[in-house]
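> could you look at this predicted model? Sequence included:
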Amino acid sequence: MDSIRPSSAPSKSKLAKKFQKVIHLKTATKNLSNNGFCLLIPQEKIKCCESQQFEKEEIEDAEKQSKNRAAMEAFIAKLFATISSVKAAYAELQMAQFPYNGEAIQSADQAVVDELKALSELKHSFLKKQIDSSPPHVTLMLAEIQEQQSLMKTYEITMKKMQNEIGGKEAQIASLQEELAEAIQNNKSLEKKLNASGSFSVLDNVKFSEATNPKDFIMVLHYSLRSIRNFVKLMIREMESANWDVEAAASSIQPEVNFVKRDHKGFAFESFVCREIFSGFKDPCFSIQNENQSWPNGNYQRRLFFFEQFKQVKSVSVLHFLKQNPNSFLGKFLKSKYLQLVHPKMEFSFSGNLNQRKLVNSGEYPDTEFFKAFAEMGRRVWLLHCLAFSFDQEVSVFQMRKNCRFSEVYMESVTDEIFAVADGDFRVEFTVVPGFKIGQTVVQSQVYLSLARSVVKS
């Protein structure tokens with residue numbers, strides 16, 4: 001009988017395979033998880049976690065940077081506030097020195113030292129990177145308050161300094177005004193003494209000579225012009241006191257003139273006075289009406305005659321001379337010029353009557369300030385006339401026409417402002433002081449200029 005073989009091999013093989021499989025699975029599970037469990041995480045969840053972690057780090061970095069920026073802004077504000085405090089303390093120190101104040105200097109000096117120490121501490125804090133001292137917004141606000149207080153303190157010190165300077169300037173102006181008033185008073189006193197003593201040193205060097213001396217003529221001309229301007233100033237003051245419209249009066253003398261400055265209107269009155277007082281200068285008798293004087297024969301004798309007239313009145317008090325010599329050439333000249341230059345309406349508005357005019361017309365001479373100024377002006381112009389006719393060369397007078405081109409040979413401007421502000425074609429508005437020709441020598445006229453087709457300087 002065939003023996004029957006057991007069929008245990010296949011069963012054993014299957015069991016072994018299953019056992020091995022279980023062991024392999026257990027080993028794999030331990031490798032994947034210490035807890036013995038294997039969790040399968042989806043890939044999308046892993047990416048989401050990583051993104052959240054990155055955003056969190058960015059937020060933390062941004063917060064850190066914002067905090068650092070705020071701390072730095074607060075530190076810089078504190079730095080500038082401390083610098084402002086140093087400036088204010090130093091300004092106070094300077095203020096305490098002028099005028100000297102020992103206690104104020106010590107206090108200000110200590111304040112400067114304290115602020116410099118605070119500045120040094122800020123420097124060390126910055127180098128050690130220790131700039132976080134308090135909440136940044138609090139530090140920033142306190143720094144702004146400190147800086148504003150320092151600026152206000154600096155402004156107050158500056159205002160005090162300027163007020164002190166203004167006080168010093170006002171005191172200086174007052175002192176100069178006193179000196180000016182004293183000088184004017186001294187000049188008046190000296191002039192009175194000179195008039196009383198009959199000594200005018202400016203004319204003492206004028207001598208009769210065979211040759212014409214234009215320098216003497218120019219000197220006496222300037223001597224005459226000073227009295228003309230004094231009379232013009234007095235006349236304008238009298239107009240203002242009598243409530244004249246001075247601008248309208250100036251425009252009636254020199255119409256359609258654009259004056260650069262308001263006070264230039266005085267040149268219009270000066271031109272009127274010069275035109276009237278020098279009228280007839282070229283005639284030996286100065287165009288005095290009803291004058292039957294017979295002049296010496298011969299050129300040389302006539303020259304000596306006029307120089308003697310010059311010497312006779314060069315050193316006299318004019319009113320005293322007129323009272324002693326009522327029918328002199330000077331007296332007749334002054335009578336003629338006064339009636340010609342001073343209009344009756346003008347005299348009436350100044351004094352309220354025509355008494356002064358009546359006295360002059362009758363050969364008498366009033367002792368008023370206005371007539372004294374006029375008489376002194378006339379005396380000096382008469383001296384210039386006598387000197388001119390004592391020369392061996394003819395002296396003539398010339399006026400410049402309106403709108404003629406400016407020439408440095410024949411003219412000089414009474415003001416320099418127009419040359420300072422512009423270059424261009426200068427034209428004559430009117431002649432203020434006439435010019436003179438002595439032989440071939442030209443004494444420039446004085447003119448008021450305007451500007452035509454000008455190019456203003458930049």
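Good, I have the coordinates. Residues are numbered from 1 along each chain as shown.

> which secondary structure element is home to residue 183?
Per DSSP states H and E: residue 183 is located in helix 136-197.

> so for the closest residue to residue 213 other than its chain neighbours, what pLDDT did the model give?
Counting by C-beta to C-beta, 6 or more residues apart in numbering, residue 391 is the residue found nearest to residue 213 once chain neighbours are left out, at 7.8 Å. Placement of C-beta: from N, CA and C, glycine included. At residue 391, the model reports a pLDDT of 90.

> isn't residue 391 right next to residue 208, touching?
No. Counting by C-beta atoms under 8 Å, residue 391 stays clear of residue 208, with 9.8 Å between them.

> those two: who's more crowded?
Remark: of residue 391 and residue 208, residue 391 carries more neighbours, 21 against 15, as counted by other C-beta atoms under 10 Å.

> return the distance of the more buried one relative to residue 235.
Separation of residue 391 from residue 235 (C-beta to C-beta, to the nearest Å): 32 Å.

> again with residue 183
24 Å.

> between those two, which one's more packed in?
residue 235 (22 against 10).

> who are the contact partners of that one?
By C-beta atoms under 8 Å, 6 or more residues apart in numbering, the residues touching residue 235 are 269, 273, 370.

> next step: the residues you listed restricted to helices.
Taking DSSP state H, the ones among these that sit in helices are 269, 273, 370.

> and the gap between residue 362 and residue 138?
From residue 362 over to residue 138 (counting by C-beta to C-beta), the distance is 99 Å.

> and these two? which has more neighbours close in?
More crowded of residue 362 and residue 138, by other C-beta under 10 Å: residue 138, with 11 against 8.

> wait, residue 82 touches residue 119, no?
Yes. If you go by C-beta under 8 Å, residue 82 and residue 119 touch, sitting 5.1 Å apart.

> the more surrounded of those two?
residue 82 (22 against 14).

> ok, now which ones touch that one?
So residue 82 contacts 115, 118, 119, 122, 146 (C-beta under 8 Å, 6+ apart).

> equivalent analysis for residue 231, please.
By C-beta under 8 Å, 6+ apart, residue 231 lies in contact with 273, 373, 374, 376, 377.

> out of the residues you listed, who's nearest residue 326?
residue 374 (16.5 Å; C-beta to C-beta).

> surely the closest one forms part of a strand?
No. The assignment for residue 374 is helix, going by DSSP: H, G, I helix; E, B strand; the rest coil, so no strand is present there.

> what pLDDT does the model give it?
Model confidence at residue 374 (pLDDT) stands at 95.

> that one is in contact with residue 342, isn't it?
Yes. Assessed by C-beta under 8 Å, residue 374 is found in contact with residue 342 at 7.3 Å.

> give me the buried positions along the one helix or strand residue 233 maps to.
According to DSSP H and E, residue 233 maps onto helix 214-241. Neighbour counts over helix 214-241 (16 or more other C-beta atoms under 10 Å) mark 214, 216-217, 219-221, 223-225, 227-229, 231-232, 234-236, 238-239 as buried.

> check stretch 404-424 too.
Quick answer for stretch 404-424 (16+ other C-beta under 10 Å): 406, 410, 411, 412, 413, 414, 415, 418.

> got the contact list for residue 441?
Residue 441 touches residue 214, counting by C-beta under 8 Å, 6+ apart.

> then residue 261?
residue 417.

> give me the pLDDT for it.
84.

> same check on the one 5 residues further on?
Residue 266 carries a pLDDT score of 92 in this model.

> so it is in which element?
Going by DSSP H and E, residue 266 is in helix 266-277.

> same for that helix, what does it pack against?
Counting contacts by 3 or more C-beta pairs under 8 Å, 6 or more residues apart in numbering; DSSP states H and E, helix 266-277 packs against helix 214-241, helix 246-253, helix 329-341, helix 369-388, strand 422-433.

> what's the closest of those to residue 174?
Between the helices and strands packed on helix 266-277, helix 214-241 lies closest to residue 174; by C-beta to C-beta that is 24.1 Å.

> the closest one versus helix 246-253: what angle between them?
Calculated by axes from the mean of the first three to the mean of the last three C-alpha atoms, to 10 degrees, helix 214-241 forms an angle of 130 degrees with helix 246-253.

> what angle do helix 214-241 and helix 266-277 make?
120 degrees.

> check the offset of helix 214-241 from the chain's centre.
30 Å (C-alpha atoms, centre = their mean, to the nearest Å).

> overlap in contacts, residue 391 and residue 208.
residue 303.

> what about the strand or helix carrying residue 447, average pLDDT?
Secondary structure assignment for residue 447, by DSSP H and E: strand 445-456. The pLDDT scores in strand 445-456 average 71.

> sorry, back to before: a markdown table for the ones in helices among the contacts of residue 235, including pLDDT, neighbour count and distance to residue 283?
As requested, the ones in helices among the contacts of residue 235 are arranged in a markdown table below (pLDDT from 0 to 100; neighbours: other C-beta atoms under 10 Å; distance: C-beta to C-beta, whole Å):
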| residue | pLDDT | neighbour count | distance to residue 283 |
| --- | --- | --- | --- |
| 269 | 95 | 22 | 25 |
| 273 | 96 | 21 | 19 |
| 370 | 92 | 18 | 27 |
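
> and the nearest residue to residue 271 once chain neighbours are set aside, what's its pLDDT?
Excluding the flanking residues, the one nearest residue 271 by C-beta to C-beta, 6+ apart is residue 432, at 4.7 Å. You'll see residue 432 listed with a pLDDT of 96.
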